[in-house]
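Asker: sequence unknown, structure follows:
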């Protein structure tokens, strides 16, 4: 998804960051821990929750010596839990379709002049989305000179 190590940059005036070294429209909302990506005009999201959590516990517990642990005069140290998640792990998903009207408010605040401002056409409630809807209603026609036009179908396989 990124060219090299992911390079996230905050989008001014929003609670979003975007993946600046990617050809995809990829965003991260740190407060919610959610990644968003727009592919073929459709939005998808995934949470940045670790797929597995590694825990380290006191040695007596790990070794299975319950008797020693229970008879100890000093309570064992509390287990510590560590979890790490790389962007690559988060991008593995699972990804879920997000209806554009369910995107966080921060998406509507992306400045039109921003490098990823083109996504505004796919975010309801923005001027760019309204303009895109109006443009889609304009019929697209062209004139073809039948004498100069030609067509030859090619097929893969037999």
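Answerer: That came through, no problem. As the structure is a computational prediction, the values presented were derived from the model and not from experiment. Numbering: from 1, shown residues only.
Asker: what separation do you get for residue 101 and residue 126?
Answerer: 12 Å (CB to CB, to the nearest Å). Just so you know, the C-beta spots here come from the backbone N, C-alpha and C atoms, and that holds for glycine as well.
Asker: which of the two has more neighbours?
Answerer: For residue 101 versus residue 126, neighbours defined as other CB atoms under 10 Å are more numerous around residue 126 (19 against 8).
Asker: what is the burial count for the residue nearest to the more buried one when sequence neighbours are not counted?
Answerer: Closest residue to residue 126 apart from its sequence neighbours, by CB to CB, 6 or more residues apart in numbering: residue 120 at 4.5 Å. Residue 120 has 21 neighbours, counted by other CB under 10 Å.
Asker: residue 120 belongs to a helix?
Answerer: Yes. Counting by DSSP: H, G, I helix; E, B strand; the rest coil, residue 120 is found in a helix.
Asker: that one reaches residue 131, doesn't it?
Answerer: No. Between residue 120 and residue 131 there is no contact under CB atoms under 8 Å: 9.3 Å.
Asker: if I've got this straight, residue 146 is in a helix?
Answerer: No. Assigned with three-state DSSP, residue 146 falls outside any helix and is coil.
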